[in-house]
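Participant: sequence plus predicted model, see below.
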Amino acid sequence: MTCPVCDESSFARLPVRGRAMVRCQGCGCLASDDENPCNSPGGLALAGTGIYPRRDSETDILPRYMDALRRRGFSGGSLLVVASAGARLDFAPASYDAAIMLQQLQSQPAPGELLRRTRAALRPGAPLLLTLPRASSVAPARWYFDETTALLLLLRHGFREVSVRDLPASSEMLVIAVRDEPPALPKCSIIVAVFNESRTFPVLMDALLKKRIPGVDREIVVIESNSTDGTRELAKQYQGRPDVKLVLQDRPRGKGHAVREGFRLATGDIVLIQDADLEYDLDDYDALLAPILSYRALFVLGTRHAGDWKIREFAQQRVLSAGLNFGHAFFTALINVLFRQKMTDPFTMFKVFRRDCLFGLEFQCNRFDFDHELVIKLVRKGCRPLEVPVNYRSRSFREGKKVRLFRDPLTWLWVDLRLRFSRALPKDPG
């Protein structure tokens, strides 16, 4: 057995009563361990397929599916429908304006092949709607996907702007995406928010420009927030470089605001957040990107506290160090309890994820509470975080740390509680 998401061949048996289930050791995709759980023939089974005219289509497909396709740009034309198992069919390339796939991927021996053929049949930018059972479903299936593995599968096979949500009164997921034109090489957008870092910023930038990741293009997006210590003048020296985008803000609005501006300008398939203070090691990039490039994860956190606990140790400030470490433990435990996670370091600077994870999300936080907002909203969207150990050397407040001890923790607490009881997606992307 080979996982259709990440090609892993190692599976772990799960203790599920009454069902033979295994979990992929790479991405976590679930599979039935029965020899033939769906009673379907081998190979690619495609049927119930047809071209529906613009107006007649609404009489054949449930209105909610058609409404969802319209929100993704389908205004009529040819519609490809894959709705039941049967004969093998080939699709004419680039002939359809939209596609609907009902309860098909989970029964295919090779779901990726069905997605590949469907994508080839769609015109550029055409939407795809599909339904999938959750693992809690009683329906027999060969594969069971969750939000993370469904998103990974679609991204791998040439789709983007993927949204996943539950169907009302059902154990099924409704997934919608559009056909993408992926680049020959994946690109990583490195977001650098900088304010008053004249001592460390040029060191970081020179190291970033020398850093190369095999098989990955990159862009460096620098957001400079009108520093008062000469950092802006240093940043201007990198303006015009072919792999650097420089944004000069008129005033400082906080790290969160600067990173959000970086998101807006990023064009890479992958986003990596990088501070300008040299607390983290650029040599960890390869380990952080590896699970994303291999489709084993959507969202990676570079944990400072896995294995050997890398505590904050400030010379001659032991009480302050202990207080900060206690605060880290408290807020980590709070987020884990509120959102049913097992993270060790949700507040690490190293947050790396597929840019498509941001689709449908809106952010409001401007300061360091943005770290909380970003992680929580990605988790609530269904982007399961994978933690990878990284190197870390904490700097002290005397060296330029900018957290406000009596103000910022209150904003963190407010964000954590507010997001626990609010909607994960403030707008419905379809």
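Facilitator: Looks like it came in fine.
Participant: next SSE downstream of the lowest-mean-pLDDT helix or strand in the chain?
Facilitator: Within the chain, judged by mean pLDDT, DSSP states H and E, the helix or strand with the poorest mean is helix 318-339; its value is a mean of 83. Using DSSP states H and E, the helix or strand that follows helix 318-339 towards the C-terminus is strand 351-354.
Participant: name the residues of stretch 6-23 that come out as buried.
Facilitator: Buried residues in stretch 6-23, counted by 16 or more other Cβ atoms under 10 Å: 6, 8, 11, 21-23. To be clear about C-beta, it is placed using only N, CA and C from the backbone, and glycine gets the same treatment.
Participant: output the host helix or strand of Leu132 as PDB, restricted to C-alpha atoms.
Facilitator: Using DSSP H and E, Leu132 sits within strand 127-133. Taking Å, rounded to 0.1, in the frame of the first residue of the first chain, the C-alpha atoms of strand 127-133 are listed here in PDB:
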ATOM      1  CA  PRO A 127     -13.400  25.100 -10.200                       C
ATOM      2  CA  LEU A 128     -13.700  21.500  -8.900                       C
ATOM      3  CA  LEU A 129     -16.200  20.500  -6.200                       C
ATOM      4  CA  LEU A 130     -16.000  17.100  -4.500                       C
ATOM      5  CA  THR A 131     -17.400  15.300  -1.500                       C
ATOM      6  CA  LEU A 132     -15.400  13.000   0.900                       C
ATOM      7  CA  PRO A 133     -16.400  11.000   3.900                       C
END
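Participant: rewinding a little: and the least confident helix or strand of the chain, what does it pack onto?
Facilitator: Packing partners of helix 318-339 (3 or more Cβ pairs under 8 Å, 6 or more residues apart in numbering; DSSP states H and E): helix 369-381, helix 408-420.
Participant: adding distance to Leu204 and mean neighbour count, write those out as a markdown table.
Facilitator: Formatted as a markdown table, the helices and strands packed on helix 318-339 follow (distance: least, Cβ to Cβ, whole Å; neighbours: other Cβ atoms under 10 Å):
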| stretch | distance to Leu204 | mean neighbour count |
| --- | --- | --- |
| helix 369-381 | 19 | 22 |
| helix 408-420 | 23 | 16 |
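Participant: so what's the residue nearest to Asp33 when sequence neighbours are not counted up against?
Facilitator: Once flanking residues are discounted, Asp33 sits nearest to Ala20: 3.7 Å by Cβ to Cβ, 6 or more residues apart in numbering. Ala20 makes contact with 13, 32-34, according to Cβ atoms under 8 Å, 6 or more residues apart in numbering.
Participant: in strands, which of those residues fall?
Facilitator: Applying DSSP state E to these, the entries found in strands are 13, 32.
Participant: ok, which pair from the contacts of Ala20 is furthest apart?
Facilitator: Arg13 and Asp34 (12.6 Å; Cβ to Cβ).
Participant: run a quick neighbour tally on Gly215.
Facilitator: 8 (other Cβ atoms under 10 Å).
Participant: just to check, it is in contact with Leu185?
Facilitator: Yes: using Cβ atoms under 8 Å, Gly215 is in contact with Leu185, at 6.4 Å.
Participant: any idea which of the buried residues of stretch 6-23 is the one closest to Leu289?
Facilitator: The nearest one, if we look at these relative to Leu289 and count by Cβ to Cβ, is Cys6, at 14.5 Å.
Participant: which element, helix or strand, includes that closest one?
Facilitator: Cys6 belongs to no helix or strand, assigned by DSSP H and E.
Participant: look up how far Arg264 lies from it.
Facilitator: 30 Å (Cβ to Cβ, to the nearest Å).
Participant: make TSV out of the buried residues of stretch 6-23 and add secondary structure and distance to Asp281.
Facilitator: Below are these laid out as TSV (DSSP: H, G, I helix; E, B strand; the rest coil; distance: Cβ to Cβ, whole Å):
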residue	secondary structure	distance to Asp281
Cys6	coil	26
Glu8	coil	28
Phe11	strand	34
Met21	strand	39
Val22	strand	36
Arg23	strand	32
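Participant: before we move on, the earlier item: weakest of the helices and strands packed on helix 318-339 by average pLDDT?
Facilitator: Among those, helix 408-420 has the lowest mean pLDDT, at a mean of 90.
Participant: contacts for that one?
Facilitator: Taking Cβ under 8 Å, 6+ apart as the rule, helix 408-420 contacts 327, 331, 334-335, 338-339, 365, 367-369, 372-373, 376-377, 380.
Participant: hmm, 6 Å instead?
Facilitator: 331, 334, 338, 368-369, 372-373, 376 (Cβ atoms under 6 Å, 6 or more residues apart in numbering).
Participant: list just the nearest of these to Met1.
Facilitator: Ile376 (34.6 Å).
Participant: what's the closest non-adjacent residue to the closest one?
Facilitator: Nearest to Ile376 is Leu419, by Cβ to Cβ, 6+ apart, at 4.7 Å.
Participant: ditto for Asp345
Facilitator: Asp345 sits nearest to Thr303 (Cβ to Cβ, 6+ apart), 3.9 Å away.
Participant: which residues touch that neighbour?
Facilitator: Counted by Cβ under 6 Å, 6+ apart, Thr303 has contacts 344-345, 387, 389.
Participant: would a markdown table of those with distance to Ser227 and pLDDT be doable?
Facilitator: Putting those into a markdown table (distance: Cβ to Cβ, whole Å; pLDDT from 0 to 100) gives the following:
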| residue | distance to Ser227 | pLDDT |
| --- | --- | --- |
| Thr344 | 33 | 92 |
| Asp345 | 28 | 92 |
| Glu387 | 32 | 96 |
| Pro389 | 32 | 93 |
